[in-house]
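Trainee: here is my input, please return the structure:
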Amino acid sequence: MSGCRRASRALALVIAIGAATPGHAAERARNVILFIGDGMGVSTLTAARIFDGQRRGVDGASNRLSFEAFPDLALVRTYSADSLVTESAAGASAILTGRRTLNGALGVTDKVVRDDCASAKLATAPTLAELAKQAGKATGVVSTAAITDATPASLYAHTASRQWQADADLPPAAAAAGCVDIARQMLDGPKPLQLDVMLGGGLSAFTSADDAGRRLDGRDLTAEWRKSGGAYVETASALSAVPKGTTRLLGLFAPGNMMRETTRKLSEADAPRLVEMTVKAIEILSQDKDGFFLMVEGGLIDKAHHQGLAHEALNETIELSQAVAAAVAMTDPAETLIIVTADHSHGLTINGGARRTAILGLAPGTDDDPALAVDGKPVPILMYSTGPGAPSPGEFRPDLSRIDTADPDQRGLATIPLASAAHTGEDIAAYAQGPGAQRIRGLIDHPAVFQAMREALGLPDR
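Mentor: Numbers count the residues shown, from 1 in each chain. Got it, this is the predicted structure:
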């Protein structure tokens with residue numbers, strides 16, 4: 001082949017590659033929906049997949065959660081600016097700002113000093129929601145946790161401490177320095193950047209102590225939201241009755257975190273499921289002709305893991321999967337990028353078990369893996385590396401054959417006793433479909449998820 005022909009083919013290849021690079025018009029998304037399963041590590045996904053299949057009467061091992069059918073997949077490194085193991089504030093901030101920060105900080109860079117108000121003001125990092133809003137898109141957040149909790153707050157809050165959710169939480173020095181609590185930042189911040197839809201728990205941070213809330217300034221932020229023209233609801237019934245054409249909606253369905261789905265069903269409470277909140281948010285946001293950005297968090301996966309409640313963590317993961325399925329059904333894959341990922345993992349392990357063994361049960365035993373451990377007691381299929389399910393100091397582990405390990409309230413056996421199960425630092429998974437999904441491939445970092453969404457929406461690189 002002549003040098004001229006080789007050069008022509010090389011040039012054609014460069015042009016073809018350039019046409020497929022991130023940011024090309026053909027790869028632009030009108031909408032982006034980000035799902036974060038808080039604490040949803042790979043072992044949680046595997047166990048939830050099995051649990052979902054077994055509960056439906058199909059083979060759990062070969063089952064798939066809704067988003068596991070997405071075409072693009074990456075492993076994501078999750079360390080924070082100051083720790084090998086991130087927590088939700090730093091993890092979500094990296095995903096939503098593209099900048100790593102210290103554990104416990106929100107919406108700021110690694111220049112922040114933990115719990116220092118003045119440093120946060122100098123280290124603010126714009127969030128994807130703020131950039132999308134500046135570009136004319138509608139924005140929203142949905143969570144089963146308090147809406148002022150770390151992951152949902154990462155969309156709109158800039159603070160040196162994730163704990164400053166209501167003004168009652170602000171240390172005197174922070175209040176004197178002019179720091180504003182997270183609830184105020186959500187509803188009292190710059191109007192052009194304000195989220196259009198906010199659905200979750202956390203009502204107590206928005207109402208005064210005189211009204212069973214935690215605000216010391218006497219303000220009722222929900223009343224102020226209504227006065228500004230926004231719709232406000234506190235029940236599933238009211239959420240479903242929100243009139244068509246509504247463009248601004250605040251829903252606060254619990255004083256703190258919302259109920260896990262198991263509890264909600266048993267209590268028959270008038271509270272929405274994650275899938276119902278997701279559907280309503282998409283219905284409202286999709287009215288914007290310029291498109292939208294929505295973040296949906298399955299916040300109770302993490303809350304359950306911290307308590308060692310494997311059944312509940314898996315059930316909440318399935319709830320997230322159903323919300324993703326609803327979002328897929330409601331949107332056009334040609335114009336909507338959907339990413340499903342996590343902020344960090346948890347120390348849940350899968351010890352074995354026969355193909356048909358209930359994932360929440362005990363290992364039946366094989367030639368390679370005996371049914372009984374060296375202490376003569378059965379081996380649980382699922383257990384935790386740390387947590388409240390560990391034997392107390394000086395005690396032996398319980399005989400699990402006498403315990404209903406499938407009970408939603410049963411704490412999973414743990415190795416090291418901690419009041420709350422600890423996060424772990426291994427990579428988590430990210431799944432994607434839609435315009436720009438090819439950016440979610442290989443081994444990436446949390447900030448790369450932000451860049452994938454920013455580039456897909458065509459937003460400026462701050």
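
Trainee: give me the nearest residue to residue 301, chain neighbours excluded.
Mentor: residue 316 (4.5 Å; CB to CB, 6 or more residues apart in numbering). All C-beta atoms are positioned from the backbone trio N, CA, C, and that covers glycine.

Trainee: which residues does that neighbour contact?
Mentor: 144, 260-261, 298, 300-301, 304 (CB atoms under 8 Å, 6 or more residues apart in numbering).

Trainee: how about a cut-off of 7 Å?
Mentor: 260-261, 298, 300-301, 304 (CB atoms under 7 Å, 6 or more residues apart in numbering).

Trainee: so which of those would you say is closest to residue 65?
Mentor: residue 298 (11.5 Å; CB to CB).

Trainee: for the closest one, give its distance to residue 315.
Mentor: 10 Å (CB to CB, to the nearest Å).

Trainee: more neighbours, the two?
Mentor: Taking neighbours as other CB atoms under 10 Å, residue 298 and residue 315 compare with residue 298 leading, 30 against 21.

Trainee: list the contacts for the more buried one?
Mentor: 37-38, 40, 144, 274, 316-317, 319-320 are the contacts of residue 298 under CB under 7 Å, 6+ apart.

Trainee: rerun at 6 Å
Mentor: Contacts for residue 298 (CB atoms under 6 Å, 6 or more residues apart in numbering) come out as 37, 316, 320.

Trainee: repeat that for residue 327.
Mentor: 33, 278.

Trainee: which SSE is immediately downstream of the strand or helix carrying it?
Mentor: Using DSSP states H and E, residue 327 falls within helix 310-330. Counting by DSSP H and E, the next helix or strand C-terminal to helix 310-330 is strand 336-341.

Trainee: hmm, who's touching the following helix or strand past that following strand?
Mentor: Tracing the chain past strand 336-341, the next element assigned as helix or strand by DSSP H and E is strand 345-346. Outside strand 345-346, the residues within contact range by CB under 6 Å, 6+ apart are 39, 41, 305, 424, 426, 428.

Trainee: between those residues, which is closest to residue 339?
Mentor: Nearest to residue 339 among the contacts of strand 345-346 is residue 428, at 12.2 Å by CB to CB.

Trainee: who's that closest one bridged to?
Mentor: Beta bridges link residue 428 to residue 76, judged by DSSP bridges.

Trainee: what sits against it?
Mentor: 41, 76, 78, 342, 345.

Trainee: mind redoing it with 10 Å?
Mentor: 37, 39-42, 44-45, 74-78, 86, 91, 341-345, 446 (CB atoms under 10 Å, 6 or more residues apart in numbering).

Trainee: over to residue 313?
Mentor: Neighbouring residues of residue 313 by CB under 10 Å, 6+ apart: 37, 39-40, 44, 47-48, 51, 260, 298, 300-307, 346, 348, 382, 412, 421.

Trainee: quick revisit: buried subset of the contacts of residue 428 as a PyMOL selection?
Mentor: With 16 or more other CB atoms under 10 Å as the criterion, this PyMOL line picks the buried residues out of the contacts of residue 428:
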select buried, resi 37+39+40+41+44+45+74+76+77+78+86+91+341+342+343+344+345+446
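
Trainee: which residues of the stretch 351-462 of the chain fall in strands?
Mentor: For the stretch 351-462 of the chain, applying DSSP state E, counting those that start in this stretch gives strands covering 382-387, 414-417, 423-424, 428-433, 442-445.

Trainee: which residues touch the shortest one?
Mentor: Residues lying outside strand 423-424 but in contact with it, judged by CB under 10 Å, 6+ apart, are 39, 41, 43, 78, 83-88, 91, 103, 302, 305-306, 343-349, 384-386.

Trainee: shaky segments in this structure?
Mentor: 1-26, 367 (pLDDT under 70).

Trainee: please redo it, this time with the cut-off set to 90
Mentor: Across the chain, the ranges flagged by pLDDT under 90 are 1-27, 188-190, 209-211, 352-356, 364-371, 393-394, 461-462.

Trainee: for the closest residue in space to residue 111 that isn't next to it in sequence, give me its contacts.
Mentor: Take residue 111 and drop its neighbours on the chain: the residue closest to it by CB to CB, 6+ apart is residue 123, 4.3 Å away. Neighbouring residues of residue 123 by CB under 10 Å, 6+ apart: 99, 101-102, 105, 107-113, 116, 158, 160.

Trainee: could you do residue 236 as well?
Mentor: 251, 253, 264, 269-273, 276-277, 280.

Trainee: cool, residue 187 as well?
Mentor: Shown in contact with residue 187 (CB under 10 Å, 6+ apart): 156, 194-195, 198, 206, 219, 221-222, 224-225, 228, 230, 250.

Trainee: just the buried ones from those residues?
Mentor: So, by 16+ other CB under 10 Å, the buried ones in the contacts of residue 187 are 156, 194-195, 198, 206, 219, 221-222, 225, 230, 250.

Trainee: and those, which of them are in helices?
Mentor: In helices, defined here by DSSP state H, the members of those are 221-222, 225.

Trainee: any idea how far residue 379 is from residue 401?
Mentor: 11 Å.

Trainee: which neighbours do those two have in common?
Mentor: Listed as contacting both residue 401 and residue 379 by CB under 10 Å, 6+ apart are 362, 371-372.

Trainee: out of those residues, which is nearest to residue 170?
Mentor: residue 362 (48.3 Å).

Trainee: name whatever forms a beta bridge with the closest one.
Mentor: residue 380.

Trainee: pull the contacting residues for it.
Mentor: 351-353, 371-372, 377-382, 400-401, 403, 405.

Trainee: out of these, who's nearest residue 214?
Mentor: The nearest member of those to residue 214, counting by CB to CB, is residue 382 at 35.9 Å.
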